[in-house]
Each structure stands twice: as structure tokens, then as C-alpha cells.
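1. This is a predicted model, with the sequence first.
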Amino acid sequence: MVDAAGELSIAVRRPDTSLRRETPIWVVRLNDQVFVRTWYRRESGWFGAALVSGRARVRVPGLTADVTVEDVGSAAADLRAGLDDAYRRKYGSRGAGSMVTDEAAATTLRLAPERPPGL
């Protein structure tokens, strides 16, 4: 579902567990893991809130899921290269241009299904 979706909608959880407004973002999958990036506003907007909360709800056609959010923007070079390639394959080399810059790569987040307490 994620591979077929042009965008993913993300609503970051507030400290009181309510959801912020949904924001559409580009999404890629690499090695069965889901990643998103922003090309601007690292510390503010939905992205800054995601860094603080570490939790969100995402939606693509046919799927809504609660996820944990992990900042992997300073990850190893091989992960960066794989994600840059995934963005280029999915969105085209010209369309993905702003998503494969050093600044955008530094905003890489890994989204993982949230596990219920006790598991």
C-alpha cells in the first residue's frame, strides 16, 4: 500500500494523545521499512512536533496505522544512498530533487508500527 501511494498523510500525536492536523508527505519503503522526509522546517511544523512526540497516525488508501517515529537523519551513508535512490525511483529524478539534498536527508524519519503496551 505504501509503495502504491503517492503520498502518506501524517498526523502527529500531541502530549495529550490528541492528533494534530494531517499533513500530506512523500513516502518511500526500503528493506520493508517506511521512511519520510521533509525538505524544509526541520524544527517546526509537523516535523518538529514528530521529533518531540515520537508518535503519529499515518494514512494511505486502504490503511490507517499508529506509528512510532524515529529520527534517522544522521544514519549511515548506505542508508542515505538507498533512500535517495528510493525517492528517485518513486518520484523521478527531477521530482525527487528537493528530497535528496543534504538538508532533506538530515530530516529522515523511520516509521514503525506502534506496539500495544505489554507486547
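-> Happy to help now that I have it. The structure displayed is predicted, hence computed values, not measured ones. Residues are numbered from 1 along each chain as shown.

2. chain center to the helix or strand P24 falls within, what's the gap?
-> Assigned by DSSP states H and E, P24 belongs to strand 23-25. Between the centre of strand 23-25 and the centre of its chain there are 9 Å (C-alpha atoms, centre = their mean, to the nearest Å).

3. does R59 have beta-bridge partners, and which?
-> Counting by DSSP bridges, R59 forms beta bridges with S9, T64.

4. quick one: contacts for it?
-> Applying C-beta atoms under 8 Å, 6 or more residues apart in numbering, we find R59 in contact with 8-9, 11, 22, 65. C-beta: built from backbone N, CA, C; applies to glycine.

5. outside of the host helix or strand of V12, which residues touch it?
-> Element membership for V12 (DSSP H and E) is strand 8-12. With contacts defined as C-beta under 8 Å, 6+ apart, strand 8-12 is touched by 2, 19-27, 34, 36, 46, 49-50, 53, 55-60, 69.

6. Apply 10 Å and report the result again.
-> 1-2, 18-28, 34, 36, 45-60, 63-64, 66-67, 69, 109, 111 (C-beta atoms under 10 Å, 6 or more residues apart in numbering).

7. Sheet partners, orientation included, of the strand holding P24?
-> strand 8-12 (antiparallel).

8. returning to that earlier point: ok, and for the strand holding V12, which residues are buried?
-> The neighbour-count check on strand 8-12 (16 or more other C-beta atoms under 10 Å) flags 8-12 as buried.

9. just curious, which of those is nearest to Y87?
-> Of all the buried residues of strand 8-12, Y87 sits closest to L8, with 13.2 Å by C-beta to C-beta.
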